[in-house]
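# pasting a predicted model and its sequence here:
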Amino acid sequence: MIDKWHKRSAADSFAPSVDKSLEATHRSVPVSQRTPRLSRVFHLRELTGLSISGVGPLFSIAATAGLFAQKAGSFTLVALLIIGLPFLCCSLVLRYLNEKLPQAGASYHWTRVIFGERASILQALVLTLGYFLSIAAIVVPAANYVLAILDPSLQQSQLAQLSAAAVMLVLTGIVLCLGSKPVGWIIKIFLVIEGLALVGIIVLSLVHLFVHGLVNIHPHKMLQTQHNKSVGLSVPVFGIIVTAIMAAPILDGWEVDSYAAEESILPRKDPGIGGIVGVTVSIVIYLVVFPLLFSQVSRHILVGGGNPIVSWGAQIFPADPSLLLLPIITSACGVLLLITYILSRALFSMGRDRILPNAFMHLSKKNVPSIIIITSLGAALLVVCLEVFAISLTGFFTMLLSSAGFFLITEFFIDILAASIVLRRSQDRPWLRRCAYLSVFLLAGLIIGFLMISPEELGKGVDIICICLMGLVGLFVAIHKSPGQAVTMIFIPESDSIEIGTAGSQI
């Protein structure tokens, strides 16, 4: 059935008549009662908003600017372009995959259809690790920003940190369990607040720059790292590579519209477009903001461990720079909400394909996978507890959370590898096939470079943690035994239904 459907959809998925008919069919054709199906509620404008907010530019800058200044200095823009180029290519390729196979599982689902069951389990584990670690890496600094507004002295209290993180996770769970439409509304509000804050910061910064000029920064000092001094390098090559990997999480989240494909009103037309807009907007923002920030805030302040945005605000908005924490927290909440959204939809798809317990495909009265949402956020809270209270494990958790970028890049690598095979066999869109090949090459280089350089730049053991986790993933995949013929649930927008297909069938 899946082969027959793919042959039909390859020709029909681009037909205007199919796209125009979806507005009617998604209402008139009843959804299958046997297989859980998400509601179609998102227009293109909502999908685009999700993708932009999923990157969380303001929070990302606040969380990483100090580390980027330390590792890559004024070459941070080079590192951002190194990771930004393959991600931009990825967004174009993922748009193609969304046209062919729109589904809530997105990356996991594409791998299952193209490569088969074992590869899909590998992708499922890599995807889960990447996004789950991202949740834990976001909530702790975001909780500290909340405490900084309430009472800066509370930042020294482990109980206060845990309480603030728990409140953020609980609120995230409540919003997600209310349904997809409320998520879209709240994200719009967050996006407006963050957008206005970014525009205000850039304008104030340019005015300050025009009036006062640059901060007295010595460029050669901005480029020095311990390793570069020892080998006499003037360009921090290793720092640039590690920064590119660490920048993966701040250029991630734009793919949320792929995971919302099954909830899109036009599933073959809209998903993927928002991702292209999201990654493009985030790259442009970073290319504007980072040079302004580095030119107006001294390096020793940036790497001193404080909030770079607040330090910046003390110069460009000295009246009350702490006000900048409010849009940063809003940005963090948006990222936390959408990263959890991505994880919940992917796990829902895995449950529907029976590689996870049946409870994972359960939908609540609001038609959302509430059990998955609660379970994921509960597990994240447990990790936060260990990170906050287990002082002896603090270093381990720091390195573990630093590896989130590694797993996110690995996930994209598998996606683009799958798309490259499909594009090569179909001989469809030669320019897109070249984009896919370029992305595979660049992402593979970043993965290898991270494993080679991360012990020197991030701490001994980061590479071992990544290799061990990937080894465990590979071992699980190798010993996995399917109870029978592996199937995958195929979402067919034209009939607004779910059909059963065989895993591993080619598009």
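Nice, I can see it. Numbering: from 1, shown residues only.
# next up, the contacts around Leu381.
165-166, 169 (CB atoms under 8 Å, 6 or more residues apart in numbering). Just so you know, the C-beta spots here come from the backbone N, C-alpha and C atoms, and that holds for glycine as well.
# may I have whichever helix or strand it is part of exported as CSV, CA atoms only?
Assessed by DSSP states H and E, Leu381 sits inside helix 370-389. Taking Å, rounded to 0.1, in the frame of the first residue of the first chain, the C-alpha atoms of helix 370-389 are listed here in CSV:
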residue,chain,number,x,y,z
SER,A,370,-0.7,14.6,27.5
ILE,A,371,0.9,11.5,28.9
ILE,A,372,4.0,12.0,26.9
ILE,A,373,4.1,15.7,27.8
ILE,A,374,3.9,15.0,31.6
THR,A,375,6.4,12.1,31.4
SER,A,376,8.9,14.1,29.4
LEU,A,377,8.8,17.2,31.7
GLY,A,378,8.8,15.0,34.8
ALA,A,379,12.0,13.3,33.6
ALA,A,380,13.5,16.7,32.8
LEU,A,381,12.7,17.9,36.4
LEU,A,382,14.5,14.8,37.7
VAL,A,383,17.6,15.7,35.7
VAL,A,384,17.4,19.3,37.0
CYS,A,385,17.2,18.0,40.6
LEU,A,386,20.4,16.0,40.1
GLU,A,387,22.1,18.9,38.4
VAL,A,388,21.2,21.3,41.2
PHE,A,389,21.7,19.2,44.3
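# taking the mean pLDDT, what do you get for it?
The pLDDT scores in helix 370-389 average 89.
# run the chain-centre distance for that helix.
18 Å (CA atoms, centre = their mean, to the nearest Å).
# ok, which stretches of this protein are strands?
Remark: strands assigned in the chain by DSSP state E are 487-492, 497-502.
# most neighbours per residue, which of these?
Comparing these by mean neighbour count (mean count of other CB atoms under 10 Å), strand 487-492 ranks first with a mean of 21.
# one step back: which stretch in the strands of the chain is the model least sure about?
Taking the mean pLDDT of the strands of the chain, strand 497-502 comes last: a mean of 80.
# what sits against the closest residue to Gly184 other than its chain neighbours?
Closest residue in space to Gly184, ignoring its immediate chain neighbours: Glu46 at 4.4 Å, by CB to CB, 6 or more residues apart in numbering. Applying CB under 8 Å, 6+ apart, we find Glu46 in contact with 184, 187-188.
# pLDDT at Phe210, what is it?
78.
# and it, how many residues sit next to it?
8 (other CB atoms under 10 Å).
# sort out for me which of the contacts of Leu381 are in helices.
165-166, 169 (DSSP state H).
# rewinding a little: can I get the strands of the chain in a markdown table including distance to Leu127?
As requested, these are arranged in a markdown table below (distance: least, CB to CB, whole Å):
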| stretch | distance to Leu127 |
| --- | --- |
| strand 487-492 | 15 |
| strand 497-502 | 20 |
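# for Val242, which of these is the nearest?
strand 487-492 (36.9 Å; CB to CB).
# the closest one: how far from the chain's middle?
Counting by CA atoms, centre = their mean, strand 487-492 comes out at 24 Å from the chain centroid.
# identify all contacting residues around it.
With CB under 8 Å, 6+ apart, strand 487-492 has contacts from 2, 5, 35, 37, 101-104, 109, 112-113, 120, 261-262, 267, 349, 352-354, 497-503.
# how about stretch 441-460?
71, 82-83, 85-86, 89, 225, 227, 238-239, 241-242, 244-246, 395, 398-399, 402, 405-406, 409-410, 412-413, 416, 461-463, 466-467.
# quick one: it to chain centroid distance?
On CA atoms, centre = their mean, the centre of stretch 441-460 falls 19 Å from the chain's centre.
# shaky segments in the stretch 151-300 of the chain?
Residues of the stretch 151-300 of the chain meeting the criterion pLDDT under 70: 213-234.
# related to what we said a few turns ago, what residues of the helix holding Leu381 count as buried?
370-373, 375-377, 380-381, 383-384, 387-388 (16 or more other CB atoms under 10 Å).
# so can I have JSON lines of those showing distance to Leu67?
Formatted as JSON lines, those follow (distance: CB to CB, whole Å):
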{"residue": "Ser370", "distance to Leu67": "36"}
{"residue": "Ile371", "distance to Leu67": "36"}
{"residue": "Ile372", "distance to Leu67": "32"}
{"residue": "Ile373", "distance to Leu67": "30"}
{"residue": "Thr375", "distance to Leu67": "31"}
{"residue": "Ser376", "distance to Leu67": "26"}
{"residue": "Leu377", "distance to Leu67": "26"}
{"residue": "Ala380", "distance to Leu67": "22"}
{"residue": "Leu381", "distance to Leu67": "25"}
{"residue": "Val383", "distance to Leu67": "21"}
{"residue": "Val384", "distance to Leu67": "20"}
{"residue": "Glu387", "distance to Leu67": "18"}
{"residue": "Val388", "distance to Leu67": "20"}
